[in-house]
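> predicted coordinates and the sequence they were generated for:
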Amino acid sequence: MQSQRTSLLNVSSHVSQNAEEVSFAANGITAAGLKAFDGVLQSNIVLKTLDLSGNPIGDEGAKCLCDILIDNAGIQKLQLNSADLGDEVSNLEPKASLVVMCLKFCPLFYVGAKAIAEMLKKIQACVSLSLTTI
């Protein structure tokens, strides 16, 4: 766990505050990894696309992702394809700026799908939602 935290801190220190698109897809990022660089992602006000596809984010990581999305109103595209979000997907509450949300091949059950529908009603800005199942 410590090696993941160290490598992610190194990565996050190289993420430019001017980066519009950041991909951490399939990097084995867990809750500890998200916590390690959440400050960078929260403070990057020009970030438009965040790709966390294929990571075992889990419940605790989903909570951290919620904080990132609440604090960063600039994210317009969130990619979580094939990510293990745990049950906390129902707590995702991004700002109204989210235009595209990709959750392809995520293990969403009725509760998660219903929660996402409720979230989309609240933000009323999402233009594209991908929910392809296995």
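Arrived safely, thanks for sending.

> all strands for the chain, in order.
21-23, 49-51, 77-79, 100-102, 128-130 (DSSP state E).

> now those as JSON lines including distance to E60?
Where you see a C-beta, it was placed from the backbone N, CA and C, and this is true even at glycine. Shown next, in JSON lines, are the strands of the chain (distance: least, C-beta to C-beta, whole Å):
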{"stretch": "strand 21-23", "distance to E60": "21"}
{"stretch": "strand 49-51", "distance to E60": "18"}
{"stretch": "strand 77-79", "distance to E60": "18"}
{"stretch": "strand 100-102", "distance to E60": "21"}
{"stretch": "strand 128-130", "distance to E60": "24"}
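
> among those, which is nearest K121?
strand 128-130 (12.0 Å; C-beta to C-beta).

> against which helices or strands is the closest one packed?
Packing partners of strand 128-130 (3 or more C-beta pairs under 8 Å, 6 or more residues apart in numbering; DSSP states H and E): strand 100-102.

> pull the helix or strand with minimum mean pLDDT from this protein.
helix 2-14 (a mean of 47; mean pLDDT, DSSP states H and E).

> returning to what we had before: could you point out which of the strands of the chain sits nearest D59?
Judging the strands of the chain by C-beta to C-beta, what sits closest to D59 is strand 77-79, at 17.6 Å.

> show residues contacting that closest one.
Strand 77-79 is contacted from outside by 25, 48-53, 69, 94, 98-102, using C-beta atoms under 8 Å, 6 or more residues apart in numbering.

> with stretch 23-30 instead?
Here stretch 23-30 has contacts from 4, 8, 11, 33, 49, 51-58, 61, 79, using C-beta under 8 Å, 6+ apart.

> what do you get if the cut-off is 6 Å, keeping everything else the same?
By C-beta atoms under 6 Å, 6 or more residues apart in numbering, the residues outside stretch 23-30 that reach it are 51-56, 61.

> mind listing what's buried in stretch 29-48?
By 16 or more other C-beta atoms under 10 Å, the buried positions in stretch 29-48 come out as 29-38, 40-41, 44, 47-48.

> ok, so of the residues you listed, who is nearest C106?
C106 lies nearest to I29 out of the buried residues of stretch 29-48, by C-beta to C-beta, at 14.8 Å.

> show me the shaky parts of the protein.
1-17, 87-96, 108-112, 115, 119, 123-126, 133-134 (pLDDT under 70).
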